[in-house]
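Chemist: Coordinates for the following, if possible.
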Amino acid sequence: MDHPAPLTSAFDVTGWDETPTDEPSTGPRLARATVRKTFRGDLDGESVAELLLCQEDPSDPSAGAGYVASEVVTGRLAGRAGTFVVQHGGVVGGGDPPRSFGNVVPGSGTGELAGLSGTVTYAADADGHRVTLDLRWPD
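Modeler: A predicted model of the protein is given here:
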């Protein structure tokens, strides 16, 4: 059963623990990061994500940057409690607009979120961070 409209929540990044994995003298820097978030809105809860990062210049994302992540979310989504996993990523730079993707991993939901699937979009701007979830609920 589809949810009638996409769900949205604001979020804060509450932890960022980054470790370089390759810092060549020329070319992009590679790193791994553990990122923690808290969500409020249609999704109330927290998450922990493991990211792989590629950054041409860590102080200037517009120079070229990208990431891929697996994120475990725990909380209440539209009043239903449980956990689920999101795999997401994005790239920015090169004069192109930022591009991103995100999906709930089918079969990753637990508790009242078992059977959940759909797409997830993360965004950040002057108003803060937010996530939009366009979901399919089990029948």
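Chemist: Can you give me the pLDDT of Phe11?
Modeler: Phe11 is assigned 97 on the pLDDT scale.
Chemist: Sorry, wrong one. I was asking about Thr14.
Modeler: pLDDT, read off for Thr14, is 98.
Chemist: What of His3?
Modeler: On the pLDDT scale, His3 gets 54.
Chemist: Same check on Ala124?
Modeler: So, for Ala124, pLDDT stands at 84.
Chemist: same question, Leu52
Modeler: At Leu52, pLDDT is 98.
Chemist: Repeat that for the one 10 residues further on.
Modeler: Here the pLDDT value assigned to Ser62 is 83.
Chemist: for Pro58, same thing?
Modeler: At Pro58, the model reports a pLDDT of 81.
Chemist: and it, that one's in a helix?
Modeler: No: looking at Pro58 with DSSP: H, G, I helix; E, B strand; the rest coil, it is coil, so not inside a helix.
Chemist: burial count for the closest residue in space to it that isn't next to it in sequence?
Modeler: Residue nearest to Pro58 in three dimensions, not counting chain neighbours: Arg29, with 6.2 Å by Cβ to Cβ, 6 or more residues apart in numbering. Every residue, glycine included, has its C-beta placed from N, CA and C. The local packing of Arg29 (other Cβ atoms under 10 Å) involves 16 other residues.
Chemist: Hmm, Ser59 and Arg29 touching each other?
Modeler: No: judged on Cβ atoms under 8 Å, Arg29 makes no contact with Ser59 at a distance of 10.8 Å.
Chemist: Run through who's touching stretch 64-72.
Modeler: For stretch 64-72, the external contacting residues (Cβ atoms under 8 Å, 6 or more residues apart in numbering) are 28, 35, 47-57, 83-94.
Chemist: Let me know the outermost residue of the protein.
Modeler: Farthest-out residue of the chain from its mean C-alpha position, per Cα atoms, centre = their mean: Ser25, at 29.9 Å.
Chemist: quick one: secondary structure of that one?
Modeler: Ser25 is classified as coil under three-state DSSP.
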